[in-house]
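Student: Structure for the following, please:
(chains A and B)
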Amino acid sequence: MDRRSSLKALLVGTVSTGVIVEACQSKDKDQAATAASQPKTEDDPTRMPEEKEKLQELQAKDFFTAEEKATLTILADIIIPRDDTSGSASDGRVIDFISFIVQDKPEHQTPLRGGLRWLDLRALNTYEKPFRDLTSQQQLAIVDTIAYPKKAKPEDLQGVHFFTLMRNLTITGFYTTDIGFKDIGYVGNRPNQWNGVPPEVLKQYNLAYTEKELKECISFT
Amino acid sequence: MGDLQIKKLPKQYDAVIVGSGAGGGMAAYVLAHAGLSVALLEAGPHFDPAIHSLQLKNPWESPRRGASTPLRPFGDFDGAWHGWEIEGEPYTKAEGTHWDWFRPRMVGGRTNHWGRISLRFGPKDFKRRSQDGLGDDWPIGYEDVAPYYDKIDRLIGVFGTNEGLPNDPDGIFLPPPRPRLHELFIKKAGAVSGVPVIPSRLSILTKQINKERGACFFCSQCGRSCKVYGDFSSSSVLVKPAVATGNVDLITNAMAREVLTDKEGLAKGISYVDKTNLQEYEVHGRVVVLAASTCETARLLLNSKSSRHPYGLVNSSEVVGKYLHDSTGASMSAIVPTLLDRKRYNEDGVGGAHVYSPWWLDNKKLDFPRGYHIEYGGGMGMPMYGFSWGIEHLQEKVLIRGVQKEPGGYGKGLKEDIRYLYGARIGMAGRGEAVPRADNFCRIDPDGTVDKYGIPILQFNVKHSDYEIKQAKHMNETFKELFHNMGAIVTSSDNSEKNLWGLNNPGNVIHEAGTVRMGNNPKTSALNKWAQGHDCKNLFCVDGSPFVSQGDKNITWTILALSMRTSEYIVDQLKKRNI
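Tutor: Next comes the predicted model:
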């Protein structure tokens, strides 16, 4: 397989795994394109049967109640709101990720469920309503007591623990979406030719490749 | 169980090989190309990176965003199937000891996901006892292996540079990729402390070397296995062409039970269970080549007892299972303030670091006997599960735009912090040589435990000695110094005597070797210098098991070189009718 056809195959191949083989066997571009249809889950060769089985089992279950999901969604959007650069946690469907990951990593279940209950009790005791029914001002007033581990009061420790986990899950859930990629500026995961650090960046840091490196390393024109 | 019977495969092969990783794949490749008929047994299912790889998938194509699972211990897109825990296949550890045992089950084994770090052993690595009285000398030296290193450099492809270092030999290298930005920082920091930082040596094709394999396209995902075969996996580079000769019957899902021997005590084949239907089989051959991985190979031999071989096959010396050792490992990570708020561009590069540090000091002047090399990480990597996890710890240690922020938080400010910190982390990991010892071993579990196929399982008994602990302390000191040189802020937790300086559990670095070691003396070794059984001349081991020691070099390139050497010897000996 020459470089051009292998790159072409890969560009198409991001949606299909069969295409590479096709492209290796034939130089016919049309044939490679035809092969680029999405395989059905049951036919997907990239997943072991055990994985497919496990996935089905996990997807059939739902851990959180509708009320719990509503509260988690509010919290996720407080942690990652829309700003000038990108959308919110809701725009990135972070709740779907959290709902799945608690099935996959059950160790998150009790801390989240218990934390949500802690939060609602705090809301009830302070405002006589569950957290999700508070005004956003009231919600933020509570969040402020648990969002800063170093300055939080000792009696809020459990809330801090919960919010820290929620922050981590929300960040991970958001930045592993296409919206998150654009936000963070990750521009990789595609076939390319590495020619070293861009010249303007080398200049910014007052760096340069040595003669030895320029002579020995691969370069592309 | 009434109809349980043992089926004998009708074909008599020239060679039966157990395991299709680096060692077994190479043996199949050499033997098949010499025209010999080969049965290649693999305990896992078929795997071809072109078909099965998850290369170029985005995290959102995994509902767990690339997080690991017991079935994919290195992440949801990784190229290793199974690993640390396999259902129904337990192992035990002696009280007070640790061992992590990585067992990917698939054609190509762990070479589908490995780090592609392809280092030759140096002349000193083969002769340790002669230098300081510790461990043992190999029965062979660098000059015996060098021609095979040359051959595999050409056959498989590896990039790097010839530096003329005495114990890190030059090779036949493809051009390496230019260093990334943080790697240039590491180079500068190394120069201050006299730590060499040179181009990595990785079996990745920066240039195409044949028609069957494409060139690297710099996605940095070698760990997922490469669809265009742009890096080395045994599955794509050795097994596939071996099968294409028409001389190899690849038998997948075949869990080897024991090596069968005849009345004279010679190996005659392998008994195995087909994992898909639990049917029992025997496959016969003129030679048996074991490459099931260091510990599985020892287990097979120890489980192959007969009146001629009462301690197990090739074990009259009772060394099988002993001298088990892994690379040592310790690591540290930091944030480099000059890399904060950096300009974005695609710096994926190849899979792994573009630079590394070979061992640079003289152990005679240090309080530990063996060296280590340093592997580096960092850069603007793809966000996956765990991205920015624990950001509150970074906010605590690192000034954000010159301001000490209250750690934690939420909202727009938090998003800005994440962007500001992205790509500023550097990680360092030492990979060192341990001193192999007879009292670090695996054996058949003394309580009689079996796996779900009824095969007796292993018990491990391995401990770090003072040598490894002091070496890890030195790693920590080096990392701190290098980070200090670049003005970096260490963010990983502090190591100390208490946690053995952060040493990985034995086995965790996945460079285990030494259980069926070679030597000239049949009383202290199981195999001769050709990796041929002292007690059984048609039994060979070509994985990490014959290793006497392993330098501070990742062992795959030497497994490949030694397997090729042994395989050519097998061809020669079969031709001469010596075996």
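
Student: B:Val259 contacts B:Leu266, correct?
Tutor: No - at 10.2 Å, B:Val259 and B:Leu266 do not qualify as touching, with contact defined as C-beta atoms under 8 Å. Where you see a C-beta, it was placed from the backbone N, CA and C, and this is true even at glycine.

Student: Which one's more surrounded, these two?
Tutor: Set side by side, B:Val259 and B:Leu266 show unequal neighbour counts under other C-beta atoms under 10 Å in any protein chain shown, the larger going to B:Val259 at 27 against 19.

Student: and that one, backbone torsions?
Tutor: The phi and psi torsions at B:Val259 (degrees, to the nearest 10) take the values phi -90, psi 130.

Student: Which pLDDT value does the model give it?
Tutor: B:Val259 is assigned a pLDDT of 98 by the prediction.

Student: hey, where'd the helices end up in the chain?
Tutor: The chain I'm using is chain A. In chain order, chain A shows helices spanning A:3-13, A:18-25, A:29-34, A:49-60, A:66-79, A:94-104, A:109-127, A:136-146, A:157-175, A:178-184, A:199-204, A:211-216, with DSSP state H as the criterion.

Student: other chain: chain B
Tutor: Applying DSSP H to chain B gives helices spanning B:22-33, B:49-52, B:128-132, B:142-156, B:181-193, B:234, B:240-244, B:294-302, B:391-397, B:412-421, B:466-485, B:556-575.

Student: The second one vs chain A: in contact?
Tutor: What it means is helix B:49-52. Yes - remark: helix B:49-52 sits within contact range of chain A at B:50-52, by C-beta under 8 Å from any C-beta of the partner chain.

Student: For PyMOL, write the selection for the buried entries among the residues you listed.
Tutor: Only the buried entries of the residues of helix B:49-52 next to chain A go into this PyMOL selection, using 16 or more other C-beta atoms under 10 Å in any protein chain shown:
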select buried, chain B and resi 50+52
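
Student: Neighbours of residue 58, how many?
Tutor: In the absence of a named chain, this looks at chain A. By other C-beta under 10 Å, 15 other residues sit near A:Leu58.

Student: other chain: chain B
Tutor: B:Asn58 is flanked by 18 other residues according to other C-beta under 10 Å.

Student: thinking again about what came up before, return the most buried member of the helices of chain B.
Tutor: helix B:234 (a mean of 32; mean count of other C-beta atoms under 10 Å in any protein chain shown).

Student: Please identify the buried residues of stretch B:275-290?
Tutor: Of the residues in stretch B:275-290, those buried under the neighbour-count criterion (16+ other C-beta under 10 Å) are B:275, B:281-290.

Student: Over to stretch B:339-354?
Tutor: Of the residues in stretch B:339-354, those buried (16+ other C-beta under 10 Å) are B:339-340, B:342, B:346-354.

Student: can you tell me which of these lies nearest to B:Val548?
Tutor: B:Gly352 (27.4 Å; C-beta to C-beta).

Student: In a markdown table, list the helices of chain B along with mean pLDDT.
Tutor: Below are the helices of chain B laid out as a markdown table (pLDDT from 0 to 100):
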| stretch | mean pLDDT |
| --- | --- |
| helix B:22-33 | 98 |
| helix B:49-52 | 97 |
| helix B:128-132 | 96 |
| helix B:142-156 | 98 |
| helix B:181-193 | 98 |
| helix B:234 | 98 |
| helix B:240-244 | 98 |
| helix B:294-302 | 98 |
| helix B:391-397 | 96 |
| helix B:412-421 | 98 |
| helix B:466-485 | 98 |
| helix B:556-575 | 98 |
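
Student: From the buried residues of stretch B:275-290, pick the one nearest chain A.
Tutor: Ranking the buried residues of stretch B:275-290 by separation from chain A, with C-beta to the nearest C-beta as the measure, puts B:Lys275 on top at 12.1 Å.

Student: Next one: the closest one relative to B:Val18, how far apart?
Tutor: Remark: distance between B:Lys275 and B:Val18 (C-beta to C-beta, to the nearest Å) = 14 Å.

Student: Low-confidence bits of chain A, can you list those?
Tutor: A:1-41 (pLDDT under 70).

Student: now with 80?
Tutor: Within chain A, the stretches falling below the threshold (pLDDT under 80) are A:1-42.

Student: Residue nearest the middle of it, spatially speaking?
Tutor: A centroid search over chain A (C-alpha atoms, centre = their mean) returns A:Thr176, at 2.0 Å, as the residue closest to the centre.

Student: dump the residue contacts of residue 122.
Tutor: Using chain A here. By C-beta atoms under 8 Å, 6 or more residues apart in numbering or on different chains, A:Arg122 lies in contact with A:131, A:142, A:159.

Student: Chain B was what I was after
Tutor: Each residue near B:Gly122 by C-beta under 8 Å, 6+ apart is listed here: B:142, B:165-169, B:551, B:553.
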